[in-house]
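**Q** model the structure of this input:
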Amino acid sequence: MQLLQIVRSVMEKYAHRPAISERRRRKPLPSSNQTAPQPSLDNEYSHMSYQQVWQNAENTAKALFFCSKAPVFNQTKVAFLSFTSGQYAVFDLACIRLGAVSVHLQTSSNEEQLSHIIKETHSNTLAVSHNYLSTALSLLAHCSCIKRVVILDHDHKDKTHQNSYQDALKTLSKQQTDIELTSLELLIDDGHSLRESIPDFEEQDDELSMLIYTSGSTGTPKGAMYTKKLAAGMWGGTWASLFSDQPTSTFHYMPMSHVAGHSSLKNTFVRGGNCFFASESNLSSFFEDIVLARPTELSLVPRVCEMIYQKFVSELNRRRQTESLVSKEIEQALKHEFRTEVFGGQVNWISCGSAPLSEQMKSFMESLFDLELNIIYGSTEAGAIAVSGQLLSPPVENYKLVDVPELGYSTQDSPYPRGELLIKTQSIIPGYFNHPELDKELFTLDGYYKTGDIFADHQNGKIRYIDRRSNVIKLSQGEFVTTASLEAIYTSSPLVRQIFVYGNSQRSSLLAVVVPKEELLNKYENELNTLKRLISESFRSLAKAYTLNGYEIPRDFIIEPQAFTHGNGLLSDHGKALFPKLRLKYEDKLEKLYESLEQQESSLVSELHQNSAHLTVEEIVLRAATSLIGNDSHEVLTSDNFRDLGGDSLSAVSFATMLEELFQVRVPVDIVISPAYDLKYIIEFIADNNQNGNAPSFEDIHEIGATDVYAEQLKIDKFIDESILKKAHNLPSSEKPQVVLLTGSSGYLGRFLLLDLLEKAEQSDGKVICLVRARDKQQAISRIRDAFSYLDEKISIRLDKLISQRLEVINGDLSQPKFGLESTQWHYLTTEVDTIIHAGALVNHVLPYRDCFDANVVGTAQLIALALENKIKHFSFLSSIAVADRGEREPIDEYQDIRIIEPVRVISDSYASGYATSKWACEVLLREAHQHYGLPVTIFRSSMILAHSKYDNQLNLPDMFTRLLISLIETGIAPKSFYANQGVLPHYDGLPVDFTASAIIRLGSENESEFHTYNLVNPHHDGISLDTFVDWLEEIGVRFHRIEQYSAWYQLFKEAHQQLGEERKAESLWPLIHSYHSPLAAVSGSPIPSKHFESKVAKTKIADFGNGIPRIDKNLINKYFNDLTRLKKVSI
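**A** Numbers count the residues shown, from 1 in each chain. From the prediction side, this is the model:
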């Protein structure tokens, strides 16, 4: 059937059903005020039947057709400039009745654009709402083709409407024009009085039915040509698959200048449903309308989802202050209330389209309505393309992806091809009106429509949206950022109404334009600096929550008090940001802000060096942080943490170096980047060290600018006060160890050391003291408790009891003289502690030895000082297998003196070299302490520490092995073998954490007075390797595509990480992926000798592991998979 036949049959079929429902405006009561009273909205909707709607459309068509001045007939162009409404729908139906071409203008377009479109289409009629009547009058001066202006939704009861109508008549009269000004109501009356009937006309499928002008996201708006065949498809056809086939009631607020506005309205009509219209174009009546309409279907856009979310959060916060229920119960009760009362209790289908919606918002909407949210993907040119990632077929007949090499997307990506989506679809427009030259932008040579959107192809028509091709910016450092995704995240801030994120390839950071919430603008009208600081803090919190990179946080931003609206041309009618217009409006200001930041950074550094003598420590530290982070000084507070401000380990080195130059006080890098310390702590640290002096520095022990470091330089008397060392020769040794001092208890191994030590303390009536880096005792305790996340409830209860009865926590800093403790606390430790287990360290594989020196070498020296004061204590030290592994040289065994076998180490910037050298230096100091002062020392050089063999969810998420498993499972691709030389059965070296912790405690406690070293490796020649682990994962159902050639696998593996979400990518092997660039060397057993360790374990029962070092077995790998699944770190 042709378009008119379809519409006519629908109207006749459902003649007596309600079709259009609107809230009428009541006549205002008389008022004593000088201002004329305005009409108010009815508290109910009034209905118009299909028969009435069609009769009104018929009468309107008659009045237009039989007008002698400017008749409207088949293919006449009729322009619309109005918000969606019942009268808009009637006038649109009248155009269908006449075969006229409706030209739907965006109300956000400026007069120049509107004038261009009207003249291009040669429209003879312009239908406008009162809001745009003045715009229409202005257009008439430039558009001589317009012969008629029809006012929609004219309310003669509304004084404002009457006044504007009369003013318009006077304006036209003064211009001495013959342009007709009328209203839809008058046209209906005129048509009703005519006895003539409109003659039938012959429709052609390829004739134009309507023109929908794009939002101009790529430049000048272009008219998408909808033929009568395509328009007919909206009345059922392929569009019907988007909606339920049941009679329905729908709520309409989407502009008819967008294809979604037409599709939702006409699909309601074709099912005999009732269309409820929003009462106010600005949606101020949205919630009031909804509760009266009680729709069964809701078609949403992200902007409205955010509005619903903000209303929910506001009410939730209010109730949390006034109700006694627990937070979860309040939230669930409120969601039920929103479903049943706010939205009427009848919604059974919801969708969202027009722009990307964040996963968090999608989850919220689904939980609020207790329904699946259908995500509709489409375009002005092609209509609906996919629903919730499934291509609609029909209308889509074929599709393919093409490479986008400049953004790193390829159809060779694995496990899923990625690229720009191209489709062939029955619903594609034939082109843009009067612009055939643009067809090459719209179509490929073989006829595929270019969507301009990046997708991953999951096969069989299942696709996953990645991003808009034009929303990606490549920063100067080579990093790609997706501005639309960042805008979605930052707009979720309760302080932000709108944001435009800006950047270019010449800059390394982003800027933004931020429109704060209106109430905040009012509140901080005279305190914009305060408002800016609050918004900055909000951005940093969101960045942390979403694990964004530092370069994804706007370095600075402009506060814009005026919202982006379609009225000022920055939003489309649909609420989508018009990026070219935003860029045009703000680009100059933002580029000047870049320049200002560069000047500010340079001048701040210069000023600090010139005026440091006249500034306080606090002023210098805050300004130094500001110069590196790049914000205005008022945004950096003493309560800020350097990393939370956007700093990383490398910028921390720059910061520490700058402070050292300014104060002549060494500031350890680990203090700067530690999450435990804020800038206030750094300020206090500098002030204290200015007065009290420093512990020895790297330069004090080694030469300035040293490229080699020597064991003979690491002498105990350079670190420890002579008075302590003199007395150490005659001190008694600790007897039965009752009190253990543990460092590193908040680390992965440290937490299980603590757990075992607490259990033993319970048995022996002993005590464990933990030295924890923190600002105060409370934070120190919190850090310990936080380390034991995801523990089984039974174990947690047991742990809580042990902590309360057997644990003492002291906050201190290993790198500071006497840990920064008061003398009484230091004395208490020297007399109370019997055993020291030093598992704490700055573990950073990027920092050089110089920057690991304070935390690791000085920290160990401080503990040696503690061990040598008042009584000689037992000392267990956690070193690293990296000390024993010397590359191509023979590894160091467990009996050799480190000072002799490795007397010198080269300072290198290779991966983990700085960390390994710091551990080597610690071993040298401990050898010195044992030789000269009889300190009992047990060194444990640990290799890979794996998951707990029994406790669920206890694995080391940041380690390389866990990251590798996450990456393998998530990408689904693995090499045929990870190893180069296949002549040897490869073996993976690693031990469960519970075995490692038990071995350290047991073997350390047995050393009374000697010096022992144990290489904690897995020495078995069992052929159990990474290849074996992949086999075992396949056995439990994980699917892998095995790649024969290793180099091909690595390339595919690397590219597959690009399609992981940012949070998952950060948890995967991605940050360390270069470690697998080449095949691994196949080694049977461990290359590191461990005879001493093997012999000792064979004679000693280690926990539940019997007399022997455990092998990695299938149960442990299965447990990894189960733990990662429970923790939602893999998506299977």
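
**Q** the nearest residue to Ile720 once chain neighbours are set aside sits in which helix or strand?
**A** The spatial neighbour of Ile720 that comes closest, neighbours along the chain excluded (C-beta to C-beta, 6 or more residues apart in numbering), is Ala865 at 4.5 Å. All C-beta spots, glycine's among them, are computed from the backbone N, C-alpha and C. Ala865 is located in helix 859-867, with elements delineated by DSSP states H and E.

**Q** could you point out the helix or strand that follows that helix?
**A** strand 874-880.

**Q** next, the angle helix 859-867 makes with that next one.
**A** On the basis of axes from the mean of the first three to the mean of the last three C-alpha atoms, to 10 degrees, strand 874-880 is oriented at 170 degrees to helix 859-867.

**Q** number of nearby residues for the residue nearest to Ile720?
**A** For Ala865, the count of nearby residues is 22 (other C-beta atoms under 10 Å).

**Q** I'd say it and Glu722 touch.
**A** No: counting by C-beta atoms under 8 Å, no contact exists between Ala865 and Glu722, whose distance comes to 11.2 Å.

**Q** can you point me to the longest helix in this structure?
**A** helix 579-611 (DSSP state H).

**Q** and that one, how far from the chain's centre?
**A** Centroid displacement of helix 579-611 relative to its chain, using C-alpha atoms, centre = their mean, to the nearest Å, is 26 Å.

**Q** check which helices and strands that helix sits against.
**A** In terms of contacts (3 or more C-beta pairs under 8 Å, 6 or more residues apart in numbering; DSSP states H and E), helix 579-611 is packed against strand 496-502, strand 511-516, strand 556-559, helix 617-629, helix 649-663.

**Q** list the buried residues in that helix.
**A** By neighbour count on 16 or more other C-beta atoms under 10 Å, the buried set for helix 579-611 is 579, 581-582, 585-586, 590, 593-594, 597, 600, 604-605, 608.

**Q** let's have the residues you listed in a markdown table, adding pLDDT.
**A** Output for the buried residues of helix 579-611, formatted as a markdown table (pLDDT from 0 to 100):
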| residue | pLDDT |
| --- | --- |
| Phe579 | 73 |
| Lys581 | 81 |
| Leu582 | 88 |
| Lys585 | 92 |
| Tyr586 | 94 |
| Leu590 | 93 |
| Leu593 | 91 |
| Tyr594 | 85 |
| Leu597 | 80 |
| Gln600 | 76 |
| Leu604 | 74 |
| Val605 | 68 |
| Leu608 | 76 |
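
**Q** remind me which residues of the stretch 701-850 of the chain are low pLDDT?
**A** 846 (pLDDT under 70).

**Q** where along it do the helices fall?
**A** Listed in chain order, the helices of the stretch 701-850 of the chain (DSSP state H, counting those that start in this stretch) span 722-728, 748-764, 777-787, 793-806, 823-832, 849-852.

**Q** packing partners for the last one?
**A** Pointing back at helix 849-852 there. Here helix 849-852 is seen to pack against helix 669-673, helix 913-933 when contacts are counted using 3+ C-beta pairs under 8 Å, 6+ apart.

**Q** could you report the pLDDT at Gly408?
**A** pLDDT for Gly408: 65.

**Q** partners of the helix or strand harbouring Phe940 in the sheet?
**A** For Phe940, the host element (DSSP H and E) is strand 937-942. Applying DSSP bridges, strand 937-942 is found paired with strand 874-880 (parallel), strand 1011-1016 (parallel).

**Q** list of residues touching the last one?
**A** Counting by C-beta atoms under 8 Å, 6 or more residues apart in numbering, the neighbours of strand 1011-1016 from elsewhere in the structure are 881, 884, 893-895, 923, 926-927, 930, 936-943, 991, 996, 999-1000, 1003, 1086, 1088-1090, 1092-1093, 1096.

**Q** which of those residues are buried?
**A** Neighbour-count burial (16+ other C-beta under 10 Å) applied to the contacts of strand 1011-1016 gives 881, 884, 894, 923, 926-927, 930, 936-943, 991, 996, 999-1000, 1003, 1086, 1088-1090, 1092-1093, 1096.

**Q** tell me the most buried of the strands paired with strand 937-942?
**A** Mean neighbour count (mean count of other C-beta atoms under 10 Å) peaks for strand 874-880 among those, with a mean of 25.

**Q** what's the first helix or strand after that strand?
**A** Per DSSP H and E, the first helix or strand lying C-terminal to strand 874-880 is helix 881-884.

**Q** what's the local residue count around the closest residue to Tyr979 other than its chain neighbours?
**A** In space, and not counting its chain neighbours, Tyr979 is closest to Ala1082: 4.0 Å by C-beta to C-beta, 6+ apart. Burial of Ala1082 is recorded as 19 neighbouring residues (other C-beta under 10 Å).

**Q** so Ala1082 versus Gly503, what's the distance?
**A** Distance of Ala1082 to Gly503, computed by C-beta to C-beta, to the nearest Å: 46 Å.

**Q** go ahead and confirm Arg303 touches Gly575.
**A** Yes: with contact defined as C-beta under 8 Å, Arg303 reaches Gly575; the gap is 3.9 Å.

**Q** ok, the two, which is more surrounded?
**A** Gly575 (22 against 17).

**Q** who's in contact with the closest residue to Ser943 other than its chain neighbours?
**A** Closest residue in space to Ser943, ignoring its immediate chain neighbours: Ile881 at 4.3 Å, by C-beta to C-beta, 6+ apart. Applying C-beta under 8 Å, 6+ apart, we find Ile881 in contact with 941-943, 1015-1017, 1088.

**Q** pull the most distant pair out of these.
**A** The most widely separated members of the contacts of Ile881, counting by C-beta to C-beta, are Ser942 and Ile1088 (11.0 Å).

**Q** any idea how this protein splits into domains?
**A** Here the domain parsing of the chain from automatic domain parsing is 51-227, 286-469, 475-597, 615-693, 946-1126.

**Q** so which of those is nearest Leu41?
**A** Of all the domains of the chain, domain 286-469 comes closest under C-beta to C-beta, at 7.8 Å.

**Q** and the residue nearest to Tyr979, its phi and psi?
**A** When read as degrees, to the nearest 10, the backbone of Ala1082 gives phi -80, psi 120.

**Q** relative to Pro986, how far out is it?
**A** In terms of C-beta to C-beta, Ala1082 sits 4 Å off from Pro986.

**Q** any common contacting residues for the two?
**A** By C-beta under 8 Å, 6+ apart, the residues touching both Ala1082 and Pro986 are 979, 1025.

**Q** for the most centrally placed residue in the chain, which non-adjacent residue is spatially closest?
**A** Nearest to the mean C-alpha position of the chain, counting by C-alpha atoms, centre = their mean, stands Tyr546 at 3.9 Å. With C-beta to C-beta, 6+ apart as the measure, Ile489 is the residue that lies nearest to Tyr546, at 5.5 Å, once sequence neighbours are left out.

**Q** gap between the closest residue to Asp854 other than its chain neighbours and Arg623?
**A** Excluding the flanking residues, the one nearest Asp854 by C-beta to C-beta, 6+ apart is Pro668, at 3.6 Å. Distance of Pro668 to Arg623, computed by C-beta to C-beta: 21 Å.

**Q** just Leu1016 next, same as before
**A** For Leu1016, the distance to Arg623 - C-beta to C-beta - is 47 Å.

**Q** and what of Leu357?
**A** 41 Å.

**Q** same question for Val1017.
**A** 49 Å.

**Q** check Cys145 too.
**A** Distance, Cys145 to Arg623, using C-beta to C-beta: 63 Å.

**Q** which one of the helices of the stretch 701-850 of the chain lies closest to Glu441?
**A** Short answer: helix 849-852, nearest of those by C-beta to C-beta, at 52.7 Å.

**Q** alpha carbons only: can I get the closest one in PDB?
**A** Output of helix 849-852 as PDB, limited to C-alpha atoms (Å, rounded to 0.1, in the frame of the first residue of the first chain):
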ATOM      1  CA  TYR A 849      67.500   3.200  42.100                       C
ATOM      2  CA  ARG A 850      67.900   6.700  43.300                       C
ATOM      3  CA  ASP A 851      64.200   7.100  43.800                       C
ATOM      4  CA  CYS A 852      63.800   3.800  45.500                       C
END
